[in-house]
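[1] Whatever this is, show me its structure:
(2 chains)
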Amino acid sequence: MNRKATNLCFIATLFIFGLFASSCAGVKSTVMAPKITEPVSYTGCVFDKEGRILHANEQTIVKSFMLKKSFWAMFYRQISLTNPKWDISEDLKKQIDEVDGNAIVNLRVKLVGNYGYWYLSALVPIIPDVQKVIVEGDVARFPE
Amino acid sequence: MIRIEKTTPKSRRNVGFVSLMTAILIFVSACSSVVYDMRLLQQPVTMNCNPFLNECHKEQQLTKIDTFMTEMKRGLVSSAAPTATGTYTQSSSIRTNPIQNDAFLKIGGDSTLTINNLEVHPQSMYVNLLFVLGLQESIKSYGNINKIEKKQSNEPKSN
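    Sure, this is the predicted structure:
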């Protein structure tokens, strides 16, 4: 009888621990653009065919854009509820084709968190966590 | 028997309610952010493999010479402990932005060097143990450092 009670207590403890562990404790994600052929630069520079550095300026930048995506996960980031890999190749290609550009420059990636939500979701079990990733940049049309 | 009833005036109740709702709204809508920004660097650093315009790099080739890894992060730890007279609360925060410095140290000043295939990995980690709160938000990046070299022509020289 004592052994059964001990086993039950152990299982109950594991269950309660599992419940609290499965509440949020963060999210992982990856942003990449492997399929696009035009240069996607984090700076305002690209190379021309002779290997010289070209700098984007007000004349060459034709458009600014912003892409947003939310990522959900639980159990200390181990269970991803959305695809943690975000391939922005098609989205960037669409931005370039809209204005007939030939490069993406000044790319920035921003991670946005919310104090109130994570305080609550880290405390209460089974609530998954969310993080928002924002990608901003400019489309440039360099003279050929 | 005299019965004394404590009543709170309506105006005082409303003020209390409004203050509480304001505090809750501020708490819920407060945001934090981490930005991966390399715009001050004056050399190409690309997310994909091609730093050249229109794939017009038939005369140039990229040779991988090293890997590149950097991280932009923000962290906060706050703890509260009871004391004899009240509560002692301590907070410490850290914010580092070494990404542009790290990139400049690797390729700065040399126009034949570039970083490509630079994927970014935004991630967050939160802990709430009632008396200890911790959060860390970071953006890690991994890429390759390449040297630009002119492609050697394989055509035989004619006399």
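[2] For B:Asp37, name its beta-bridge partners.
    A:Arg108 (DSSP bridges).
[3] Likewise for B:Thr70?
    B:Ser141.
[4] can you pull the pLDDT of it?
    On pLDDT, B:Thr70 comes in at 92.
[5] Would you agree it is in contact with B:Ile99?
    Yes: the criterion here is Cβ atoms under 8 Å, and B:Thr70 meets it with B:Ile99 at 4.7 Å. Every C-beta, even on glycine, is put in place using the N, C-alpha and C of the backbone.
[6] intersection of neighbour lists for those two?
    Common contacts of B:Thr70 and B:Ile99, defined by Cβ atoms under 8 Å, 6 or more residues apart in numbering or on different chains, comprise B:Ser141.
[7] check contacts around the nearest residue to B:Val35 once chain neighbours are set aside.
    Spatial nearest neighbour of B:Val35, excluding adjacent residues (Cβ to Cβ, 6 or more residues apart in numbering or on different chains): A:Lys110 at 4.7 Å. Each residue near A:Lys110 by Cβ under 8 Å, 6+ apart is listed here: A:Val133, A:Ile134, A:Val135, A:Glu136, B:Ser33, B:Val34, B:Val35, B:Tyr36.
[8] okay, now the second one: neighbour count?
    Using other Cβ atoms under 10 Å in any protein chain shown, A:Ile134 has 16 neighbouring residues.
[9] what about the helix or strand hosting it, near chain B?
    Assigned by DSSP states H and E, A:Ile134 belongs to strand A:129-140. Yes: counting by Cβ under 8 Å from any Cβ of the partner chain, chain B has neighbours in strand A:129-140: A:Asp129, A:Gln131, A:Val133.
[10] Can you report how many residues lie near the last one?
    Right, the one you point to is A:Val133. Residues within reach of A:Val133, counting by other Cβ under 10 Å, total 22.
[11] That one and B:Tyr126, how far apart?
    16 Å (Cβ to Cβ, to the nearest Å).
[12] how about low-confidence regions in chain B?
    B:1-31, B:55-58, B:76-97, B:128-132, B:152-159 (pLDDT under 70).
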